[in-house]
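Asks: Everything below, folded, please.
(one chain, ligands or ions: 1)
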Amino acid sequence: MVNTMTLTWEATREFAVMAEYSTYGSVVVLQVNNPPVNSFSYHVRQGLVDGLEKAQRDPAIRSIVIMGKGRTFPAGADVREFGTASAGMMPDLLSVLAAVDTSPKPVVSAIHGTALGGGFELALASHYRLAVPSARVGLPEVHLGILPGAGGTQRLPRVVGVKTAIQMITTGQHIKAQQALSLGLVDKIVQGDLLKEAVSFARSIEGRPVEDRRISQKTVPDAEKVGEVVDAARKTIIRRARGAIAPMTCVQAIQASVLPFDVGMQRERELMAFLMTSWQAPAQQYAFFSEREVRRWSHPRDKRVNFKTAKPRVIKSVGVVGAGTMGVGITISLLQAGLKVVLLEVNKKQLDRGITTIQKTLSQKSASQRMSLLTTTMDYSALSDVDMVIEAVFESMRLKKEVFKKLDSITKPQAILASNTSGLDIDKIAAVTKRPDKVVGTHFFAPANIMRLLENILGKHTSAETIATAMQLGTTIGKVGVLVGNCPGFVGNRMLGPYVTEAVFLLEEGADPQDVDKAIEEFGFAMGPFRMGDLSGLDIGWRGRIEKGLTTEQGPPPATPPLYRRGNRYCPLADMLCMQGRLGQKTGAGWYRYEPGSRAALPDPVVQQMIREYRQEHGFKKRTISSQEIVERCLYPLINEGFHILDEGIAARSMDIDVTYLFGYGWPRHTGGPMYYAEKVVGLEKILRSLESYQAQYPDHHYLQPSPLLRDMVAKGTSLAALGTDSKL
Ligand SMILES: CCCCCCCCCCCCC[C@H](O)CC(=O)SCCNC(=O)CCNC(=O)[C@H](O)C(C)(C)COP(=O)(O)OP(=O)(O)OC[C@H]1O[C@@H](n2cnc3c(N)ncnc32)[C@H](O)[C@@H]1OP(=O)(O)O
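Replies: Purely as a prediction, here's the structure:
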């Protein structure tokens, strides 16, 4: 009987191998075979339709199982096909799913891995769904700037209701098998061999009518509440989406699920066409692929040093120096990935505070297991045996050099020494060691256990093996690693300089901090530059400017013209706040004021008065500044700096810059990243002309001077994609 059944292939192989057809008595199994994620490329769709038709024709067949071969059930449409001729080739996914739904013989989807997007829509069109315990399902299309366009917006609410469907579809969350079972999205969780279990299950339901199993024929359980649910959702989604159009369009499609199925499907199709042809969908799909493409890194100048040839060292234990906010966050990330950590901090109180934070942050379930991987110490000799050290001490070159000298003398010769500096010269740090080839920058972002970006900095002497190890470590701990070259601020913070500088200049001319923040937040950032400054602490930038000699704790350096430093325009408003002890949220006041215990940024009349007096003192005439000007004045100089970075070979490709900004700086994903936005949304020529026009108005704002590369690209009509493979780099 079933359990003892021999699973031999009786399959005929006349169909495309991308949907293999095999029979087990009365059961046909269609196995999608399109590695790596079994996406529905044209040949898969054709193979499935052919297989379904053959199964219908064969009177000996009484049920059909659909599964994925290899690592997963289909994870959705083939996104690389979007916009190409194959995407439109029939059969499209909708006709495949219609053939499944209307099949007179029961169709069972047997899920392992991730049934996502079109894959989960296929499962929902099937009459039964089985899943292994580790499977996950979901409709993540919103992250690609589209909606579940193969019936997902119509079938899902018919099972879970409009409210849950909106929640699932607008967040794109993946649901674990057990939760899917409790929501009624799968019928059974099966242990053991999925193929055997699925065939057995299919046999057990043969002969039962399929009509009442068709989700398309059901009605939405909470239909009478749809108006109020949609209204409530609209409010949160519009705020959360910050300019992304897909989430609200998904809601509109889901709203149509209370209509007859065919009418709802028509509405879904129209809304899908709207999103597919929007500028946001390609931007988000670019972001999806770029996140993966940065894994294929190469030296910004020397393409021979790359991911294909460089072999990473095996890292089993890591030392972390410094138990401040960054050191603690890095330690948590490493522990969560199962690495052994030796955390060193010379200040006992700080070390104790760090240990408490680590304990609190690690999830209850695995805390003791993770904590057993941690050793804490105040003694450098405890680092003698680790494979790698990440230094996360205060941002001072003098201190970092001291630490690296000690590390060089104490750690084993093959250990890699990494600095979490956010912008100091890696070569100067490496120069104090006898192993500059093993020194690398690993710039984490706060909170380091949450933020996904890891900016890895290649020094002049960093070896290919060392950089490969840093990139591999990023993958191990679930970060998106980007390889960049060494320059002040590297990629991320260097580009932030012009952005923040120009934002402060806007205050001189008439804007208030809240005007600037509002415009930038409406563009899509979670926080504008002033709220962000208050959150990070205004003293970080202030200390940096003091270290560079641009200001002092008492005010401008002697004999300095108030609005200039080293020949460049300079606005001291941020320094003035710091001199008053207004360091941001942590002191209850910065650009904004904060009620005790609250993080809500409240406009502060004291700051407004300070800015007014400053304008009067220096002869600035207040004017009204439009949101458009604010966005252009802040973001175009940031983008311009990106062109300088490409020109200098600090980043190998524009996508490395985009990924840095998407994952480290909250750049809105629906615009693709700063460089994508510049080229594909605004247009390089328009960026250039705007910079020229602003520069004519503000000749002493040096960041507004267009980069030679930008000029050259506009003159020649070169694309950023071509630049990545261009001999120039
Ligand atoms: C003119 C307009 C007309 C409009 C008419 C409307 C008609 C509509 C008809 C279309 C219907 C389609 C409807 C459907 O709802 C749309 C979709 O299904 S969109 C896709 C939804 N699915 C996803 O978003 C899943 C994306 N993938 C992932 O989340 C992850 O890859 C994973 C599956 C969880 C696996 O993760 P990992 O194991 O970490 O592996 P990687 O992420 O590294 O991926 C490995 C490899 O695979 C590539 N890849 C992954 N998913 C896809 C995909 N869906 N398409 C193509 N390629 C994919 C990924 O890029 C990696 O590639 P590599 O970097 O290794 O080259």
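Asks: going forward, measure contacts and count neighbours with C-alpha atoms only.
Replies: Will do.
Asks: in the protein, what spans have low per-residue confidence?
Replies: For the chain, the stretches with pLDDT under 70 are 1-17, 364-365, 724-729.
Asks: Can you name the residues of it that neighbour the ligand?
Replies: Counting by C-alpha under 6 Å from any ligand atom, the residues of the chain close to the ligand are 36-37, 39, 75-80, 93, 116-118, 140-141, 148-150, 269, 272-273, 276-277, 289, 292-293.
Asks: List buried residues within these.
Replies: 37, 39, 75-79, 93, 116-118, 140-141, 148-150, 269, 272, 276 (16 or more other C-alpha atoms under 10 Å).
Asks: Which of those residues fall within strands?
Replies: Leu116 (DSSP state E).
Asks: From the buried ones among the residues of the chain next to the ligand, which land in helices?
Replies: Secondary structure assignment by DSSP state H places 93, 118, 269, 272, 276 of those in helices.
Asks: wait, which of these is closest to Val491?
Replies: Met276 (31.8 Å; C-alpha to C-alpha).
Asks: any idea which element the residue of the stretch 601-729 of the chain found nearest the ligand lies in?
Replies: Relative to the ligand, the nearest point of the stretch 601-729 of the chain is Met655 (13.7 Å; C-alpha to the nearest ligand atom). Assigned by DSSP states H and E, Met655 falls within helix 654-664.
Asks: coming back round to it: so how many other residues sit close to the residue of the stretch 601-729 of the chain closest to the ligand?
Replies: Met655 has 26 neighbouring residues, counting by other C-alpha atoms under 10 Å.
Asks: Okay, and the residue lying closest to it once chain neighbours are set aside sits in which element?
Replies: Counting by C-alpha to C-alpha, 6 or more residues apart in numbering, Met655 lies nearest to Ser290, which is 6.2 Å off, once chain neighbours are set aside. Ser290 belongs to helix 280-293 when assigned by DSSP H and E.
Asks: Turn the ones in helices among the buried ones among the residues of the chain next to the ligand into TSV, columns for distance to Glu455.
Replies: As requested, those are exported to TSV (distance: C-alpha to C-alpha, whole Å):
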residue	distance to Glu455
Leu93	39
Gly118	34
Arg269	41
Met272	36
Met276	32
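Asks: Could you export the one helix or strand Gly319 maps to as PDB, CA atoms only?
Replies: Assigning secondary structure by DSSP H and E places Gly319 in strand 317-321. Taking Å, rounded to 0.1, in the frame of the first residue of the first chain, the C-alpha atoms of strand 317-321 are listed here in PDB:
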ATOM      1  CA  SER A 317      36.200  32.900  17.100                       C
ATOM      2  CA  VAL A 318      36.200  36.700  17.100                       C
ATOM      3  CA  GLY A 319      37.500  39.200  19.600                       C
ATOM      4  CA  VAL A 320      35.600  42.400  20.000                       C
ATOM      5  CA  VAL A 321      37.400  45.400  21.600                       C
END
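Asks: neighbouring strands for that strand, and are they parallel or not?
Replies: Strand 317-321 has its sheet partners listed here by DSSP bridges as strand 340-344 (parallel), strand 388-391 (parallel).
Asks: In JSON lines: those, plus distance to Ala715 and mean neighbour count.
Replies: JSON lines is the format used below for these (distance: least, C-alpha to C-alpha, whole Å; neighbours: other C-alpha atoms under 10 Å):
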{"stretch": "strand 340-344", "distance to Ala715": "52", "mean neighbour count": "25"}
{"stretch": "strand 388-391", "distance to Ala715": "44", "mean neighbour count": "25"}
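Asks: Make TSV out of those strands and add distance to Asp515.
Replies: Shown next, in TSV, are these (distance: least, C-alpha to C-alpha, whole Å):
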stretch	distance to Asp515
strand 340-344	43
strand 388-391	38
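Asks: List the buried residues for stretch 360-373?
Replies: 362, 367, 370-371, 373.
Asks: and if you look at stretch 617-627?
Replies: Neighbour counts over stretch 617-627 (16+ other C-alpha under 10 Å) mark 625, 627 as buried.
Asks: so how far is the first residue of that stretch from its last?
Replies: From its first residue to its last, stretch 617-627 covers 26 Å (C-alpha to C-alpha, to the nearest Å).
Asks: what about that stretch, distance to the chain center?
Replies: Centre-to-centre, stretch 617-627 and its host chain are 37 Å apart (C-alpha atoms, centre = their mean, to the nearest Å).
Asks: contacting residues around the helix holding Met655?
Replies: Identification of contacts with helix 654-664 by C-alpha atoms under 8 Å, 6 or more residues apart in numbering yields 287, 290-291, 294, 445, 451-453, 455, 480, 482-484, 491-492, 642, 646, 651, 667-669, 672-676, 720-721, 724.
Asks: Likewise for stretch 300-320?
Replies: 295-299, 327, 330-331, 334, 339-344, 383, 386-392, 464-470, 472-473, 484-485, 649-653, 729.
Asks: Narrow the residues you listed to those that are buried.
Replies: The neighbour-count criterion (16+ other C-alpha under 10 Å) marks 295, 297-299, 327, 330-331, 334, 339-344, 383, 386-392, 464-470, 472-473, 484-485, 649-653, 729 among the contacts of stretch 300-320 as buried.
Asks: Fine by me, thanks again.
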